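Asker: Provide a 3D model corresponding to the input given below.
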Amino acid sequence: MKAKALRLTSLAAIVLSASLAGAYADDSSDKSSDKPSQSVSSDDKSGSDKQSSDSNSSDNKSGDNQSSDDSNNGKVSPIQSKADPLGLPIVGKVMESGSDAAAAQFNKTTLSQALGFIQKNLPDGQNNSGNQKVFSIDPAKLKLAEKVNLQAYFVSESAGYSSTLGFNTSGVGVNSGNPELIFPNVSSPEDFNPNAANNYGPRTESQPLLPGDFVNLGTYAKGTPLDFFLIANGANGGNTVFTSGGASANPDGLAHNGGFTASVFAVPQLNSPYLFIDFKDSWNLGDKDFNDAVIAINVGTKTINSLMATPEPSMYLTLGGFLMMGVWAKRRMDRTVPQA
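Answerer: Model prediction:
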């Protein structure tokens, strides 16, 4: 009995230790039905339950962006959107796909697979909310696990709207913190024609983006929270804001984002630094296809590993069960061992 109890206690300790080590790894569109049935004023556009951060942009940002005209930072796209959604500042110019070393690496290793994955797992006009692959990461939990020079890549879109994408490093949505725009108009001649041949039509004023186009967001410190938001039809004056901060941060009380990493691709990339976020732009989620805009952010491999290693509540229940088993076995052993 004593040996059996010791074995149970050891098993519980091993499982608990291994699981907790993983949990703290960060220490090492449709065209018509997508339209919201209602909108909200600019005062309400991110919901009443917005979170806030104790830090501010100057604390988080550890280096200013280089000039977007610097050849080391990429080549400026010939067409920049003239949209001015909600009068928010734009973090930087859109750069041409593959025009710096990091962007060329993204295109070479990841973009083609990402487009194929999206075509298969986020089909247009279908309810994709049950596909666990495209919801394998919760963007609301995104916090940098290392200092990172952030780039945001446009991947794909399929929407009747000309929406806007932005981010915030010290708040949620646009009513707190330091919201800035990334892509003032997330529209593309690609318009959900994902393929690797790069045979899309040319950029235009109304469709200024091609897959792989990117924006340099700057360098941010470890511990910086990141919120990404979409302004539905923002390039045409829309003011309804949906954020990656979770359901309570959105005006309809629903989550409008999914997140996934390159680990779920047909050929998994286990050490990829890219987090993909997919957006739904419709009030009450419309057809729930979650492909109205898809972007990728190079948040760093440590951040990706941290997001993937965090146990779900069910895991904690399992760990608790093992721990209780070990405690029970130890107490029973103590009762059965003869006293001197």
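Asker: thought K302 was touching G223?
Answerer: No. Contact criterion Cβ atoms under 8 Å: K302 and G223 do not qualify, at 11.7 Å. The C-beta positions use only the backbone N, C-alpha and C, and glycine is treated the same way.
Asker: got the contact list for the closest residue to P208 other than its chain neighbours?
Answerer: Nearest in space to P208, with sequence neighbours left out and distances taken as Cβ to Cβ, 6 or more residues apart in numbering, is I79 at 4.6 Å. Residues in contact with I79 (Cβ atoms under 8 Å, 6 or more residues apart in numbering) are 203-205, 208.
Asker: and if you look at D278?
Answerer: By Cβ under 8 Å, 6+ apart, the neighbours of D278 are 118, 122, 134, 257-260, 290-291, 293-294.
Asker: for those residues, which one is nearest A235?
Answerer: A293 (11.9 Å; Cβ to Cβ).
Asker: Bridged to the closest one, which residues?
Answerer: F279 (DSSP bridges).
Asker: rewinding a little: please say which of K302 and G223 ends up with more neighbours.
Answerer: The neighbour comparison of K302 against G223 (other Cβ atoms under 10 Å) goes to K302, with 19 against 14.
Asker: and the more buried one, helix, strand or coil?
Answerer: helix (DSSP: H, G, I helix; E, B strand; the rest coil).
Asker: which stretches of the chain form strands?
Answerer: 61-63, 148-156, 164-168, 180-183, 214-220, 227-232, 240-243, 257-261, 274-279, 293-298 (DSSP state E).
Asker: Show me the shaky parts of the chain.
Answerer: Counting by pLDDT under 70, the chain contains low-confidence residues at 1-60, 62-72, 192-199, 310-340.
Asker: Now with 90, please.
Answerer: Applying pLDDT under 90 to the chain flags residues 1-73, 159-160, 190-202, 270, 308-340.
Asker: Next, format the contacts of I79 as JSON lines and append neighbour count and distance to N178.
Answerer: Shown next, in JSON lines, are these (neighbours: other Cβ atoms under 10 Å; distance: Cβ to Cβ, whole Å):
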{"residue": "R203", "neighbour count": "20", "distance to N178": "29"}
{"residue": "T204", "neighbour count": "11", "distance to N178": "31"}
{"residue": "E205", "neighbour count": "12", "distance to N178": "28"}
{"residue": "P208", "neighbour count": "26", "distance to N178": "24"}
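Asker: and these, which two are the farthest apart?
Answerer: R203 and E205 (8.4 Å).
Asker: Name the residues of stretch 285-296 that are buried.
Answerer: For stretch 285-296, burial by neighbour count (16 or more other Cβ atoms under 10 Å) applies to 285-287, 289-296.
Asker: same question, stretch 251-258
Answerer: 251-252, 254-258.
Asker: roughly how far apart are the residue nearest to P208 and T204?
Answerer: Per Cβ to Cβ, to the nearest Å, I79 is found 7 Å from T204.
Asker: Now for the two: what residues contact both?
Answerer: Contacts common to I79 and T204, judged by Cβ under 8 Å, 6+ apart, are absent.
Asker: Does G259 touch L226 like I think?
Answerer: No. Taking Cβ under 8 Å as the definition, G259 is not a contact partner of L226, at 11.3 Å.
Asker: what is in contact with those two at once?
Answerer: Common neighbours of G259 and L226 (criterion: Cβ under 8 Å, 6+ apart): L142.
Asker: got a list of what S187 touches?
Answerer: Neighbours of S187 in contact, by Cβ under 8 Å, 6+ apart: 157, 159, 162-163, 206-209, 235.
Asker: Can you give me the neighbour number for P268?
Answerer: Quick note: P268 (other Cβ under 10 Å) scores 12 neighbours.
Asker: quick one, phi/psi of it?
Answerer: phi -60, psi 140 (degrees, to the nearest 10).
Asker: Now for K288: which residues touch it?
Answerer: 127-129, 280.
Asker: Specify which member of those residues is nearest to S97.
Answerer: Closest to S97 out of these is K280 (24.7 Å), distances taken as Cβ to Cβ.
Asker: coming back round to it: now a ChimeraX select for only the buried ones of the contacts of S187.
Answerer: The following ChimeraX line selects those of those that are buried, judged by 16+ other Cβ under 10 Å:
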select :157,159,162,163,207,208,209,235
